[in-house]
Each structure stands twice: as C-alpha cells, then as structure tokens.
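Asks: only geometry, no sequence info:
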C-alpha cells in the first residue's frame with residue numbers, strides 16, 4: 001500500500017475548502033483516508049480566519065515512513081516551512097524544451113542576471129552617500 005499526502009476537497013460550489021489527508025493512493029480524492037493532517041482554506045472570508053493549519057508532528061511521521069506527497073501538498077508544506085523549496089524549472093511554452101534558468105519559489109518568476117544587478121545597484125548609492 002502506497003500512502004500519499006494529498007488534498008481532499010470540501011465546501012460548496014465556488015467556495016473550496018481542503019483537508020490535508022494521508023490516504024491510500026488507490027482511493028478516490030474525496031474517499032476513504034487514513035488520517036486528517038490539517039486544512040487549507042484558499043478563500044479567506046471577511047472574518048479573516050486562518051488560511052492553513054497543519055499538524056507538523058504527524059506530517060513528519062508520514063514523511064519519515066516514505067509517504068509520497070502531491071504537488072499542491074508539497075507547495076503547502078514548503079510555505080509552512082516544513083520542506084525545502086521544490087525544484088522548479090521555467091518552461092518556454094507548452095510541450096517545448098525546458099529552460100534551465102532558476103525560478104524564485106515564492107513568486108514563480110524566472111530570476112535573471114539583470115534582477116541581481118538591480119539589487120546590487122540599489123545598494124551602491126547608499127554606500128556612496130555614507
């Protein structure tokens with residue numbers, strides 16, 4: 001049995017709410033699960049509640065027993081600070097060759113040499129003013 005960490009959709013139409021689940025890989029998305037590990041609310045209401053809540057101890061346990069994680073769960077665990085950033089490659093166009101330039105994991109934008117130069121240029125005038 002292969003255990004997979006994935007999202008299960010709850011909520012109404014156009015108002016999704018997800019639970020982070022540990023489930024058998026053969027079970028359906030909203031079907032039988034082994035354990036509920038947390039929740040993720042992509043649409044915050046006007047009350048401004050929490051966007052995400054995860055039981056880190058149980059997630060670490062499932063990762064230690066080699067549970068696979070889906071891509072959305074991997075992104076959530078990265079944002080929560082539990083995993084290192086996933087390897088990201090920029091894609092020129094659908095079906096085309098992959099560009100091997102680095103991508104900022106927080107924004108999803110390609111990091112170019114010009115952006116690095118701009119950040120150093122901003123710091124130089126401050127140093128000259130002193």
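Replies: Great, that's in hand. Because the structure is a prediction, the values reported are computed rather than measured. Numbers count the residues shown, from 1 in each chain.

Asks: Can you list the residue ranges for strands in the chain?
Replies: Assigned by DSSP state E, the chain shows strands spanning 3-12, 15-24, 35-40, 52-54, 68-69, 90-91, 98-99.

Asks: how about the fourth one: buried residues?
Replies: It stands for strand 52-54. residue 54 (16 or more other CB atoms under 10 Å). C-beta: built from backbone N, CA, C; applies to glycine.

Asks: tell me the helices in the chain, going along the chain?
Replies: For the chain, the helices defined by DSSP state H occupy 56-64, 71-79, 113-129.

Asks: End to end on stretch 68-82, go ahead and measure it.
Replies: 15 Å (CA to CA, to the nearest Å).

Asks: go on, stretch 38-50?
Replies: For stretch 38-50, the first-to-last residue distance is 12 Å (CA to CA).

Asks: Show me what the mean pLDDT comes to for that stretch.
Replies: Computed over stretch 38-50, the mean pLDDT rounds to 75.
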